[in-house]
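S.K.: Next one to model:
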Amino acid sequence: MKQLFTLCMLIPSIAVVGQTTQRNGLAEEFANMYCSPCKPFFDRYHPTLVSLNANDTAAHLNAITYQMDYPAPDFSYNLHASQRHDYYTLLGIPDLRVNGQGISTASTAAQLYTALDTSRNSPSSFIITGTYIVNAANNTLNIDIKIHPLSNMTGTYKVHTAIIERHYNNPASTVAMYEYYNVMRRMFPDGNGTTEPNWTANTAKTYSYQQSYTVTNPPAPGSFDFWGDPLLTDVIVFVQDSATRMVMQSQLIRQGEPLGITTQDPMVTLECFPNPAKDYIGFSFRTKEAGNYKLEIVDLNGRCVKAADYTLASGRHQLRIATDGMASGCYIARLSDKNGTVQKRISVLPTGLN
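M.R.: Numbering: from 1, shown residues only. The predicted model follows:
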């Protein structure tokens with residue numbers, strides 16, 4: 001019998017004060033596993049996203065990567081990625097759009113930081129809320145979205161909904177780019193989005209999608225399959241002005257707590273990435289309450305090789321620990337507080353191995 005997991009983010013009631021709200025910036029990267037120039041850009045771009053806590057709702061910065069079909073079809077390439085590529089009439093990759101506007105991929109890390117950081121500075125006239133439910137019993141995804149405009153607007157707008165896979169490892173890359181983050185696997189209704197010609201202040205529009213899913217590692221180029229567990233995916237919704245290509249608002253919709261998790265558990269899940277790890281191990285988890293937490297890496301003989309203590313608020317967190325001094329092999333990562341412990345098996349690559 002399959003176990004049912006239901007994950008959701010509750011839709012809050014909306015109280016409008018004034019006619020603007022916080023903007024969540026959106027970064028859209030276009031890349032390919034065989035693209036030589038994509039690797040040096042990734043080496044500057046991804047650490048910048050990490051430093052800004054992208055795809056954490058508190059950071060007000062969201063990121064999507066679309067994998068392309070040139071110089072050869074990427075495993076994660078599909079029609080919806082192609083439709084986003086054609087929307088921007090791109091001439092080559094890598095390419096980066098921040099709030100829909102082109103940013104040079106020759107930018108330094110400092111310039112990328114500035115572009116991403118300022119993407120969330122100007123106010124927005126949209127509030128986006130929603131739920132994302134993964135039903136593992138019948139292999140379906142269920143998405144419900146509400147977009148609340150704060151002003152009257154007329155024009156040509158697009159509403160886009162993307163499911164992104166947080167992380168996967170692709171050892172088949174020919175350019176030593178093996179770790180992939182925030183990769184789009186499907187959009188709704190497709191990569192062209194839903195056209196909205198006007199918005200009426202304080203009159204919300206709703207969108208609902210249900211879709212079956214398949215996991216295949218690696219996916220066939222052109223498919224919408226996930227690389228891994230769909231419980232490790234998120235939804236990003238954004239509103240775009242087609243006349244200017246400006247992304248006017250974006251929203252990350254994370255999964256909530258799966259059914260069956262006891263209230264005594266301090267964390268719902270502990271995710272480790274990349275896995276296997278090379279230079280560092282990243283950790284993503286949600287705490288149920290504020291308090292003191294210990295993160296440990298233990299070898300298979302029970303010896304602690306790394307440890308760190310944190311005082312954390314309730315909510316989602318991302319941490320990283322360097323692997324320097326660690327031998328290659330298998331380890332157990334443990335995160336604990338006064339209520340209990342969660343753990344995850346991880347692997348560390350030999351030094352010098354990509």
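
S.K.: Give me the helices and strands touching the longest strand anywhere in the chain, please.
M.R.: Residue-count comparison of every strand in the chain, with assignments taken from DSSP state E, identifies strand 153-169 as the longest. Strand 153-169 is packed against strand 61-67, strand 140-149, strand 179-188, strand 194-199, strand 205-212, strand 233-241, strand 267-273, with contacts defined by 3 or more Cβ pairs under 8 Å, 6 or more residues apart in numbering; DSSP states H and E. Every C-beta, even on glycine, is put in place using the N, C-alpha and C of the backbone.

S.K.: now for the first one, which elements pack on it?
M.R.: In this structure, strand 61-67 packs against strand 25-31, helix 79-87, strand 153-169, strand 179-188, strand 233-241, strand 246-253, with contacts taken as 3+ Cβ pairs under 8 Å, 6+ apart.

S.K.: Ok, which of these comes nearest Tyr207?
M.R.: Taking Cβ to Cβ as the measure, the helices and strands packed on strand 61-67 were each checked against Tyr207, and strand 153-169 came out nearest at 6.6 Å.

S.K.: For Asp43, what are phi and psi?
M.R.: As for Asp43, its main-chain torsions (degrees, to the nearest 10) stand at phi -70, psi -20.

S.K.: roughly how far apart are it and Asp279?
M.R.: Between Asp43 and Asp279 the distance is 11 Å, computed by Cβ to Cβ, to the nearest Å.

S.K.: repeat for Pro73
M.R.: Here the criterion is Cβ to Cβ. By it, Pro73 lies 29 Å from Asp279.

S.K.: ok, the two, which is more surrounded?
M.R.: Comparing Pro73 with Asp279 by neighbour count (other Cβ atoms under 10 Å), the higher total belongs to Pro73, at 17 against 12.

S.K.: The more buried one against Ala220, yeah?
M.R.: No - with the criterion set as Cβ atoms under 8 Å, Pro73 and Ala220 do not qualify as a contacting pair; they are 9.2 Å apart.

S.K.: and the residue lying closest to Met33 once chain neighbours are set aside, how many neighbours?
M.R.: With sequence-adjacent residues excluded and distances taken as Cβ to Cβ, 6 or more residues apart in numbering, Met33 is closest to Ser173, at 4.3 Å. The local packing count at Ser173 equals 20, with neighbours defined by other Cβ under 10 Å.

S.K.: How about Gln255?
M.R.: Once other Cβ under 10 Å is used to define contacts, Gln255 is seen to have 23 neighbours.

S.K.: what comes into contact with stretch 35-55?
M.R.: In this structure, residues lying in contact with stretch 35-55 by Cβ atoms under 8 Å, 6 or more residues apart in numbering are 27, 29, 31-32, 59, 61-63, 68, 70-71, 93-94, 96, 105, 107-109, 112-113, 116-117, 164, 166, 175-177, 181-182, 234, 236, 252, 282, 318, 320.

S.K.: in it, what's buried?
M.R.: Of the residues in stretch 35-55, those buried by neighbour count under the rule 16 or more other Cβ atoms under 10 Å are 35, 38-39, 41-42, 44-46, 48-49, 52, 54-55.

S.K.: repeat for stretch 106-125
M.R.: For stretch 106-125, the neighbour count (16+ other Cβ under 10 Å) marks 107, 112-113, 115-116, 119-120, 124-125 as buried.

S.K.: between the residues you listed, which is nearest Lys288?
M.R.: Looking at those and their distance to Lys288, the nearest is Arg120, at 27.1 Å (Cβ to Cβ).

S.K.: Helix, strand, or coil at Thr48?
M.R.: Per DSSP: H, G, I helix; E, B strand; the rest coil, the secondary structure class of Thr48 is helix.

S.K.: Can you spell out the domain ranges of the chain, please?
M.R.: For the chain, automatic domain parsing gives the domain ranges 25-253, 267-348.

S.K.: weakest of those domains by average pLDDT?
M.R.: When the domains of the chain are ranked by mean pLDDT, domain 267-348 comes last with a mean of 84.

S.K.: re the thing from before, just the helices and strands packed on strand 61-67: most buried one?
M.R.: Using mean count of other Cβ atoms under 10 Å, the stretch among the helices and strands packed on strand 61-67 with the greatest mean number of neighbours is strand 25-31 (a mean of 26).

S.K.: Would you mind giving the helices and strands packed on strand 153-169 as TSV with distance to His80 added?
M.R.: What follows is those, written out as TSV (distance: least, Cβ to Cβ, whole Å):
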stretch	distance to His80
strand 61-67	8
strand 140-149	14
strand 179-188	4
strand 194-199	13
strand 205-212	12
strand 233-241	13
strand 267-273	24
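
S.K.: Could you point out which of those strands sits nearest Ala290?
M.R.: strand 267-273 (13.1 Å).

S.K.: Could you identify the helix or strand that succeeds the closest one?
M.R.: Once the chain leaves strand 267-273, the next helix or strand it forms, by DSSP states H and E, is strand 280-287.

S.K.: got a list of contacts for that next one?
M.R.: By Cβ under 8 Å, 6+ apart, the list of residues contacting strand 280-287 from outside reads 50, 166, 257, 266-275, 293, 295, 297, 312-323, 333, 335, 337, 342, 346, 348.
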